[in-house]
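**Student:** Please work out how this folds:
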Amino acid sequence: MGDLIDSKFDTAVFLANAGLGRRIVEVKAKRHFFTQGNHADSIFYLQRGRAKLTVVSQSGKEATITLLSAGDFIGEECISGTAGLRMATATAITGCVALKIERAEMIRVMHDEHTFSDFFLGFLLTRSMRVQADLVDQLFNSSEKRLARILLLMAEFGKPGEPETLLPPISQETLAEMIGTTRSRVSFFMNRFRKHGFIEYNGRIRVHRSLLNIVLHDQLSYGTANSISFPVVDTSKGAPKLSKLAAAAVSKIEQKKKT
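**Tutor:** Presented below is the predicted three-dimensional model:
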């Protein structure tokens with residue numbers, strides 16, 4: 001009850017602890033937070049783990065629409081107007097810990113606590129921008145570049161952390177659903193990425209920073225914006241290290257800026 005009577009509301013404390021109208025839940029890998037068509041009576045704040053949102057068409061075709069990580073809300077549609085039904089299924093990719101907030105409590109705290117309202121609005125704006133970026137990616141980029149972007153997003157590059165990241169378990173079928181192509185094409189691109197040293201792939205995927213460099217700079221250094229054009233390299237004396245290729249790309253871009 002402390003967060004309800006203190007004059008200064010602490011959003012981090014609220015989202016970290018159980019209390020009136022909220023409780024900590026654990027969801028095992030491959031289990032659901034909720035399924036499409038369920039009553040939308042609560043929202044989840046993901047404290048730890050990875051999850052995904054999927055939708056199923058009337059014909060039974062499933063598509064993955066987004067990936068979720070710690071710090072994301074899941075099921076925010078529950079507070080839009082009158083309580084309705086879930087439009088998607090939320091599934092844990094890894095073991096997850098989340099704060100489940102009842103709809104009435106979520107609405108109350110948004111009305112009463114402006115710091116929390118600002119925090120939640122920031123999340124919604126970020127989610128909206130991500131959805132727009134996903135749509136642009138789907139409309140204008142090749143499936144190869146869409147796959148590279150998804151791998152980088154899953155590795156959370158751009159955030160503080162290690163220079164290379166081991167991804168949570170994810171199948172090629174799921175990756176194919178997310179980028180709108182076939183599993184065979186995903187397998188082809190993954191082998192190509194691995195051949196050029198952008199990823200390691202032996203059951204689990206490890207993404208190297210070199211993939212980020214190539215994706216960021218391919219428009220200026222490696223071809224068109226619609227495909228990842230890998231440099232042609234003379235391998236007769238042994239392939240150069242990828243870090244040198246990335247450094248060369250950055251150097252070339254800096255030279256163009258100066259001129």
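**Student:** need the contact list for the residue most central in space within the chain.
**Tutor:** Nearest to the mean C-alpha position of the chain, by C-alpha atoms, centre = their mean, lies L67 at 4.1 Å. Taking C-beta atoms under 8 Å, 6 or more residues apart in numbering as the criterion, L67 is in contact with 50-52, 93, 150, 153-154, 178. The C-beta positions use only the backbone N, C-alpha and C, and glycine is treated the same way.
**Student:** Could you identify the pair within the residues you listed that is furthest apart?
**Tutor:** A51 and I150 (15.0 Å; C-beta to C-beta).
**Student:** Who has more neighbours out of those two?
**Tutor:** Per other C-beta atoms under 10 Å, whichever of A51 and I150 has more neighbours is A51, with 26 against 21.
**Student:** ok, which stretches of this protein are strands?
**Tutor:** Assigned by DSSP state E, the strands in the chain fall at 22-27, 32-34, 42-48, 50-56, 62-69, 73-74, 89-92, 96-102, 164-166, 199-202, 204-208.
**Student:** residues of the fifth one that come out buried?
**Tutor:** Meaning strand 62-69. 64, 66-69 (16 or more other C-beta atoms under 10 Å).
**Student:** With pLDDT and distance to Q36 as new columns, can the residues you listed be given to me in JSON lines?
**Tutor:** What follows is those, written out as JSON lines (pLDDT from 0 to 100; distance: C-beta to C-beta, whole Å):
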{"residue": "T64", "pLDDT": "82", "distance to Q36": "13"}
{"residue": "T66", "pLDDT": "84", "distance to Q36": "14"}
{"residue": "L67", "pLDDT": "85", "distance to Q36": "17"}
{"residue": "L68", "pLDDT": "91", "distance to Q36": "16"}
{"residue": "S69", "pLDDT": "90", "distance to Q36": "21"}
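**Student:** Out of those residues, which comes closest to R183?
**Tutor:** T64 (13.1 Å).
**Student:** what stretches of this structure score poorly on pLDDT?
**Tutor:** By pLDDT under 70, the low-scoring segments of the chain are 1-7, 157-164, 213-259.
**Student:** hmm, try it at 50
**Tutor:** Applying pLDDT under 50 to the chain flags residues 1-6, 219-250, 252-254, 256-257, 259.
**Student:** quick check: longest helix of it.
**Tutor:** With residue count as the measure and DSSP state H as the assignment, the chain has helix 114-140 as its longest helix.
**Student:** which other helices and strands contact that helix?
**Tutor:** With contacts defined as 3 or more C-beta pairs under 8 Å, 6 or more residues apart in numbering; DSSP states H and E, helix 114-140 has these neighbours: helix 11-16, strand 62-69, helix 103-112, helix 143-155.
**Student:** so which of the ones you listed comes closest to A83?
**Tutor:** helix 103-112 (5.9 Å).
**Student:** how does the chain divide up, domain by domain?
**Tutor:** If you go by automatic domain parsing, the domain ranges for the chain are 2-137, 141-258.
**Student:** Quick one: the helices and strands packed on helix 114-140 as a markdown table, columns for distance to A88 too.
**Tutor:** What follows is the helices and strands packed on helix 114-140, written out as a markdown table (distance: least, C-beta to C-beta, whole Å):
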| stretch | distance to A88 |
| --- | --- |
| helix 11-16 | 22 |
| strand 62-69 | 6 |
| helix 103-112 | 17 |
| helix 143-155 | 18 |
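**Student:** and among these, the most buried is which?
**Tutor:** Ranked by mean neighbour count, the helices and strands packed on helix 114-140 are led by helix 143-155 with a mean of 21 (mean count of other C-beta atoms under 10 Å).
**Student:** Which strand residues bridge K52?
**Tutor:** Beta-bridge partners recorded for K52 (DSSP bridges): L67, T91.
**Student:** before we move on, the earlier item: and of the helices and strands packed on helix 114-140, who's closest to L85?
**Tutor:** helix 103-112 (13.0 Å).
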